[in-house]
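*Asks:* this is a predicted model, with the sequence first.
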Amino acid sequence: MLWDQHLRPDTVNIGAILCNRVFSLVCSTQSVRQSMTSSQPEEVVGVLHAIMTRGWKGDLQCYLVFTSERIIVSVMGMLTQAAGSFGGVGGMIAGLDEMKKSGRLKSMSPTGILQSNKKNYALTYSNISKVELGRKLGATRLYIQATGDVYKFKFQLVKMEEIESQVRSLLPPTIPVERSEKLD
C-alpha cells in the first residue's frame, strides 16, 4: 500500500494494534446492544445488590436484576435483612446468604426470578423514562422514573461513580442516566 511506504514499521504495527483494540471494543459493545434489542430469549445480564427505600414502611434489601428486556426487583426475605443489620455472626450468615442468592439469580430465568417471591416486580425498559443518580444522607441513590411512579434505591458504602458505571453498562442506551445534585 502507498501509505505503508511513508510510515515507519513500528508505527504501522502500533496503529494496527490500536485499530484492532478499538474494533474489538466496538464489536463487543454492539453485540451487547444487539442482544438487548434482538428477538432472542430474555436473559439476565447483571445483578446489583441494593436497598429499596420505602419511607415510613422501612427499607428492604433487594437485588436489581437487569435482563435484556427489563429490570426485575427481587426482594430479599425479612430474616436476611434483620440478620444483616446485627453484624457479627448474624451479619456473616446474611452475607453468605446474599452471595448464594446473587449467584442463584444469575442462573435463574427472568420469569423464575419474578415468580420466586410475590413481592418481586418488574420494570420494562419501555416504561422507564429516565434514571437519576445522586447522593443523599451519605448514600448513593438510584431513582428509576417509570410510567406513573418513581422507584427509589440506595447503595451504602459504594461510590456513585461505580454504580453509575455499572448501571450505564447494564441499561439499554435509549434510557437516559443523569446525575442529580438534589434528590428528594
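*Replies:* Structure's in. What do you need?
*Asks:* who does the host helix or strand of residue 73 pair up with?
*Replies:* Following DSSP states H and E, one finds residue 73 within strand 70-75. If you go by DSSP bridges, strand 70-75 pairs up with strand 60-67 (antiparallel), strand 121-124 (antiparallel).
*Asks:* most packed of these?
*Replies:* strand 60-67 (a mean of 22; mean count of other Cβ atoms under 10 Å). The C-beta positions use only the backbone N, C-alpha and C, and glycine is treated the same way.
*Asks:* look up phi and psi at residue 117.
*Replies:* Main-chain torsions, residue 117, degrees, to the nearest 10: phi -150, psi 130.
*Asks:* how is this structure partitioned into domains?
*Replies:* Listed domain ranges for the chain are 2-37, 44-179 (source: automatic domain parsing).
*Asks:* by mean pLDDT, show me the worst of those domains.
*Replies:* Note on the domains of the chain: domain 2-37 shows the lowest mean pLDDT, a mean of 40.
*Asks:* just to revisit the earlier point, of the strands paired with strand 70-75, which approaches residue 156 most closely?
*Replies:* Taking Cβ to Cβ, strand 60-67 is the member of the strands paired with strand 70-75 nearest to residue 156, at 10.5 Å.
*Asks:* contact partners of that closest one?
*Replies:* 42-52, 54, 71-76, 80-81, 84, 98, 101-102, 105, 110, 113, 142, 153, 170-171 (Cβ atoms under 8 Å, 6 or more residues apart in numbering).
*Asks:* can you select the buried ones among those residues for me in PyMOL?
*Replies:* Buried residues among the contacts of strand 60-67 (16 or more other Cβ atoms under 10 Å), as a PyMOL selection:
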select buried, resi 44+45+47+48+50+51+52+71+72+73+74+75+76+80+81+84+98+101+105+110+113+142+153+170+171
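*Asks:* wasn't residue 126 part of a strand?
*Replies:* No. Using DSSP: H, G, I helix; E, B strand; the rest coil, the assignment for residue 126 is helix, not a strand.
*Asks:* how close does it get to residue 70?
*Replies:* In this view, residue 126 and residue 70 are 9 Å apart by Cβ to Cβ, to the nearest Å.
*Asks:* got it, and residue 63?
*Replies:* 14 Å.
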